[in-house]
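# I'll drop the sequence and a predicted model, then ask my questions.
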Amino acid sequence: MSSQVNTPPLPGPTVGTFAAEHLSPSYPERAARGTAGKLRAWQAEALDLYFEKEPRDFLAAATPGAGKTTFALRLATELIARRVIDQVIVVSPTEHLKKQWADAAHRVGIRLNPDFKNNEGFGGRRYHGVAITYAQVAMKPSHHRAMVESARTLVILDEVHHGGDALSWGDAIREAFEGATRRLSLTGTPFRSDTAPIPFVSYVRNEKGIRLSQSDYAYGYGRALADGVVRPVIFMAYAGKMRWRTKMGEEMEARLGQGDTKDITSQAWRTALDPMGEWMPAVLRAADLRLTEVRQSIPDAGGLVIATDQTTARAYAALLQEITGTIPTVVLSDEKESSERIEAFARSESRWMVAVRMVSEGVDVPRLSVGVYATSASTPLYFAQAIGRFVRARRRGETASIFLPSVPSLLALASTLEYERDHALDRDTSAEDGLLDDDMMDEANRAEKASETLPDEFVWQALESEANFDRVFYEGNEFGFAAETGSDEELDFIGLPGILEPDQVRELLQQRQARQSKRSASKPPSETPEPQALYRTLKEQRTLLNSLVGIRAKLNGEPHGIVHAELRRVCGGPAVGQASVTQLQARIDYLRRGMRS
């Protein structure tokens with residue numbers, strides 16, 4: 001197996017020289033002048049905890065933006081200085097993150113090779129280790145095992161939840177790194193909602209017999225926010241009316257956030273994200289206005305639009321160019337050119353970047369202050385990763401602003417940003433947390449592709465979308481009421497100053513809400529819009545509709561099925577079980593009008 005390694009890892013004597021030269025007893029003072037300056041309280045606390053027991057495996061869960069990289073590299077240098085390890089292997093999810101790790105390691109005197117290939121060695125005495133991806137390990141685990149066994153090795157598993165992405169990945173990681181001297185696992189997000197065990201993570205059964213992952217050290221968003229390590233986040237939710245044609249040729253209509261079925265919610269959400277409608281341009285204009293306001297206080301503040309796929313990413317970029325008059329940076333895949341674009345954007349003062357999912361995890365662009373969540377992903381894992389791109393604090397008073405669709409699953413995640421969650425095995429995940437599953441949107445996209453050979457009337461199509469400001473979420477509380485885009489009420493919330501302390505944010509949001517209520521109350525009756533119907537839940541609406549149908553059937557001596565058929569003919573839409581809130585309300589109103597007459 002050792003013959004597979006063309007160039008041996010850094011041998012012991014050379015590592016010893018490295019440790020003496022760069023990591024002498026005075027190293028902590030020099031490290032303080034390196035990448036992170038003085039260690040944050042949580043980093044020092046975690047290091048102390050580690051060296052109390054010096055375990056072979058250690059899992060540190062710290063919120064995005066807290067400084068996991070600095071903690072890991074400090075631990076690596078300490079282990080080298082103490083002659084515990086001779087080499088370092090960092091495993092990360094993407095090509096871009098390999099380079100990010102190598103750059104950070106270089107600043108503390110550790111040389112990692114991010115260009116390592118599976119058919120070669122470290123690169124001689126020039127390097128103290130390698131930075132690789134999980135995919136590389138899965139392709140040739142025996143090669144990485146040979147390197148691990150050739151010297152005392154610290155393996156850093158960045159975003160370790162990727163070890164559960166696929167059975168083959170987990171098996172490969174276990175095979176490659178089983179023999180490592182020490183393993184440090186890092187995660188900054190909730191674990192995946194699946195039941196695949198993650199290598200080198202410990203699980204303990206709770207009182208219900210469910211195995212839960214056990215972190216050796218946890219540093220959540222709530223504590224990081226209190227410590228001033230991360231920024232607070234304001235979520236700007238936008239609703240609106242959506243209309244689309246299903247692949248069966250039926251026209252559907254619904255509003256975002258009305259408590260519809262998962263299928264209707266996903267289709268309305270998909271319609272909102274269509275770049276050809278009115279919803280996305282309206283939200284992008286609002287987000288750009290917010291960015292302009294923030295840049296009054298933070299001149300280099302940038303914005304990021306997270307798209308579902310490359311086609312929509314390009315379309316969103318075209319919309320932003322039309323809105324701003326400048327060309328945004330577009331990042332479409334995890335390639336060298338894309339990494340260079342991200343780095344160039346991070347160093348510039350450009351306004352906007354549009355990207356698909358690769359920017360959601362680990363990518364460090366601290367100047368990002370405004371985000372548009374224009375993707376169909378809705379798992380706690382992905383949402384936390386995405387929001388993590390905006391919370392990295394640079395100075396006191398910075399606040400992140402995220403624009404997102406008013407979809408129940410996303411609003412629930414926005415309201416519980418501080419909620420921490422362990423990876424659980426042995427459970428049914430089909431209805432986890434009651435959240436919309438990403439598979440719903442993926443299934444719709446697959447159906448669209450499969451129907452491309454059918455007549456046009458069987459192709460899913462977004463027909464119309466409108467946007468309106470819905471409300472603001474901050475610290476788990478809601479502020480504001482529905483308002484038209486471009487209205488004074490919307491601008492009140494978009495125009496919050498770019499630099500505010502958390503308590504000032506809360507106070508201003510309360511003032512804005514009070515002002516909005518006062519404006520509404522002071523309008524003359526002729527200007528006061530008709531109050532919107534207080535829609536019931538689907539279950540309540542179906543019950544009410546069936547009751548009215550029963551009354552109508554009894555009065556006219558007709559079977560229930562005949563009444564339902566008439567309602568579908570007059571009001572449109574599918575059967576009751578598939579109808580949206582709006583469609584059910586239309587049938588209820590129709591029956592009530594008939595009874596009154």
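Alright, I've got the coordinates.

# quick check, A60 in a strand?
Yes - per DSSP: H, G, I helix; E, B strand; the rest coil, A60 lies within a strand segment.

# which residue sits closest to it in space, ignoring its chain neighbours?
Y217 (4.8 Å; C-beta to C-beta, 6 or more residues apart in numbering). To be clear about C-beta, it is placed using only N, CA and C from the backbone, and glycine gets the same treatment.

# quick one: R396 from S350, how far?
For R396, the distance to S350 (C-beta to C-beta, to the nearest Å) stands at 25 Å.

# neighbouring contacts of stretch 579-594?
The contact list for stretch 579-594, computed with C-beta atoms under 8 Å, 6 or more residues apart in numbering, reads 241, 252-255, 258-261, 264, 268, 533, 535, 538, 541-542, 544-545, 548-549, 552, 567, 570-574, 576.

# for stretch 283-291, that is, sorry about that
236, 238, 301-303, 305, 316, 319-320, 323-324, 351-352, 369-372, 374, 401, 403, 467, 469, 485, 490-491, 494-495.

# Quick check: mean pLDDT of that stretch?
When pLDDT is averaged along stretch 283-291, the result is 96.

# and that stretch, how far out from the chain's middle?
Centroid separation between stretch 283-291 and its chain, computed with C-alpha atoms, centre = their mean, to the nearest Å, is 20 Å.

# Output the below-cut-off pLDDT ranges for the protein.
The model of the chain has pLDDT under 70 over residues 1-37, 121-125, 164-167, 189-196, 259, 334-336, 357-363, 418-458, 522-537, 595-597.

# name the helices or strands packed onto the biggest helix by length in it?
Secondary structure of the chain per DSSP state H: the longest helix is helix 502-522. Where contact means 3 or more C-beta pairs under 8 Å, 6 or more residues apart in numbering; DSSP states H and E, helix 502-522 is packed against strand 468-474, strand 477-479, helix 488-494.

# mind putting these in JSON lines, mean neighbour count and distance to T292 included?
Shown next, in JSON lines, are the helices and strands packed on helix 502-522 (neighbours: other C-beta atoms under 10 Å; distance: least, C-beta to C-beta, whole Å):
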{"stretch": "strand 468-474", "mean neighbour count": "23", "distance to T292": "17"}
{"stretch": "strand 477-479", "mean neighbour count": "16", "distance to T292": "21"}
{"stretch": "helix 488-494", "mean neighbour count": "20", "distance to T292": "9"}
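
# want to throw the ones you listed into a markdown table with distance to H162?
Listed next are the helices and strands packed on helix 502-522 as a markdown table, based on distance: least, C-beta to C-beta, whole Å:
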| stretch | distance to H162 |
| --- | --- |
| strand 468-474 | 29 |
| strand 477-479 | 34 |
| helix 488-494 | 36 |
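
# which one of these lies closest to Q385?
strand 468-474 (18.5 Å; C-beta to C-beta).

# just to revisit the earlier point, between R396 and S350, tell me which one has more neighbours.
Legend: neighbour count by other C-beta atoms under 10 Å for R396 and S350, higher for S350 (17 against 10).

# what are the phi and psi angles of S297?
phi -100, psi -30 (degrees, to the nearest 10).

# neighbours of the residue lying closest to it once chain neighbours are set aside, just the number please.
Spatial nearest neighbour of S297, chain neighbours left out: G498 (3.5 Å); criterion: C-beta to C-beta, 6+ apart. Neighbour count for G498, taken as other C-beta under 10 Å: 21.

# do the same with R126
Around R126 there are 10 residues (other C-beta under 10 Å).

# these two touch, right, it and R111?
Yes - applying C-beta atoms under 8 Å, one finds R126 in contact with R111, separated by 6.5 Å.

# the strands in the stretch 201-350 of the chain, which residues?
203-205, 211-213, 217-219, 233-239, 241-245, 251-255, 302-307, 329-331 (DSSP state E, counting those that start in this stretch).

# got the ones you listed as TSV, with mean neighbour count columns?
Below are the strands of the stretch 201-350 of the chain laid out as TSV (neighbours: other C-beta atoms under 10 Å):
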stretch	mean neighbour count
strand 203-205	12
strand 211-213	20
strand 217-219	20
strand 233-239	24
strand 241-245	21
strand 251-255	20
strand 302-307	27
strand 329-331	22
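
# Can I get the ones you listed in a markdown table including distance to S415?
Converted to a markdown table, the strands of the stretch 201-350 of the chain look like this (distance: least, C-beta to C-beta, whole Å):
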| stretch | distance to S415 |
| --- | --- |
| strand 203-205 | 28 |
| strand 211-213 | 23 |
| strand 217-219 | 21 |
| strand 233-239 | 8 |
| strand 241-245 | 23 |
| strand 251-255 | 20 |
| strand 302-307 | 19 |
| strand 329-331 | 29 |
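
# of all those, which lies closest to Q511?
strand 233-239 (14.4 Å).

# how about the CA coordinates for the closest one, as PDB?
Taking C-alpha atoms only, strand 233-239 is exported to PDB below (Å, rounded to 0.1, in the frame of the first residue of the first chain):
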ATOM      1  CA  VAL A 233     -30.300  38.700  11.000                       C
ATOM      2  CA  ILE A 234     -33.400  40.500   9.800                       C
ATOM      3  CA  PHE A 235     -35.600  38.300   7.600                       C
ATOM      4  CA  MET A 236     -37.800  40.200   5.100                       C
ATOM      5  CA  ALA A 237     -40.600  37.900   4.000                       C
ATOM      6  CA  TYR A 238     -42.500  38.500   0.800                       C
ATOM      7  CA  ALA A 239     -45.900  36.900  -0.200                       C
END
